[in-house]
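1. Test case, fold it:
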Amino acid sequence: MRVIIIHRLRVWALIGWCLCIMTGCVHQLQAIPAPESLKGSVVFGQIHVWQAEPSGRIFLPELASFEFIRQEGGARYRVEVEADTSWFAIPLEPGEYQVTRLIMREGEFRASAEVPLRFESPTQGLAYIGKWSIQVEAPNFRRELVVKVETAPTEALVELRLRYPRINLKQVVTRLTEPTIVRARLYEMTPYPRFRWFNRHNPT
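-> Numbering: from 1, shown residues only. Just a heads-up that it's a prediction; the model follows:
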């Protein structure tokens, strides 16, 4: 019996390893890493999520995470945010990157949108890639969001200096994310929370 269990564990481990090779393992990153982790080339910016129209849900939308890939090699990354307003500083290898999707959150609800945003990590120093202003529509059956790339470097630099006082701000360059405006469909992700807790859509 023990031999069978060990064999099955090896099979599942092999399957997991093959899937990791085929799809590419996702590197988990923090939006605001520890000071000792902020080395080499760094991209930084801000995120602001807002909803113009009222919603039947209890919680307002926030950005749970965003995912991107490196153009050369296809390495995949996920940055955990879990906030409606935040800033981020991400140490990355020099090169070009493309955001693949945003994961939005409203309490227990989650939704995904594919947004082809591109940014570049410098060969050295820090690159400011802009402020991502994310406008989310109220819940409906064809819900969308709009991402506008704005510039507010002073605000970001203040946060950066407070968090990382030893960082050299003389090596900062501005390389805004492109394109500067993107509209995308927002798809709700399963499983849905219990109905008695939330309304999925506004009543019609």
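2. how much space between the residue most central in space within the chain and R166?
-> Geometric centre of the chain, nearest residue: F66, 1.6 Å, by Cα atoms, centre = their mean. According to Cβ to Cβ, to the nearest Å, F66 stands 27 Å off from R166. Just so you know, the C-beta spots here come from the backbone N, C-alpha and C atoms, and that holds for glycine as well.
3. Could you list the paired strands of the host helix or strand of the residue nearest to the centre of the chain along with their orientation?
-> Using DSSP states H and E, F66 sits within strand 62-70. In the sheet, strand 62-70 lines up against strand 76-83 (antiparallel), strand 95-106 (antiparallel) (DSSP bridges).
4. Read off the pLDDT value for H7.
-> Looking at H7, its pLDDT stands at 50.
5. Kindly report the same for V26.
-> The model's pLDDT for V26 equals 87.
6. partners of it in the sheet?
-> Those that pair with V26 in a beta bridge, by DSSP bridges, are R76.
7. Enumerate every residue touching the residue nearest to the centre of the chain.
-> Neighbouring residues of F66 by Cβ atoms under 8 Å, 6 or more residues apart in numbering: R78, V79, V81, V99, R101, L102, I103.
8. give me the number of residues near the residue nearest to R163 when sequence neighbours are not counted?
-> Take R163 and drop its neighbours on the chain: the residue closest to it by Cβ to Cβ, 6 or more residues apart in numbering is I32, 6.5 Å away. The number of residues packed near I32 is 19, by other Cβ atoms under 10 Å.
9. end to end, how far does stretch 109-124 reach?
-> Its start and end residues considered, stretch 109-124 measures 39 Å (Cα to Cα, to the nearest Å).
10. List the buried residues in that stretch.
-> Going by neighbour count (16 or more other Cβ atoms under 10 Å), the buried part of stretch 109-124 is F109, R110, A111, S112, A113, V115, L117, F119, E120, S121, P122.
11. so which helix or strand takes in A156?
-> Using DSSP H and E, A156 falls in helix 153-163.
12. Let me see the residues that make contact with that helix.
-> By Cβ under 8 Å, 6+ apart, helix 153-163 touches 32, 35, 44-46, 87, 89, 126, 128, 131, 167, 169, 172, 174.
13. Cheers, nothing more for now.
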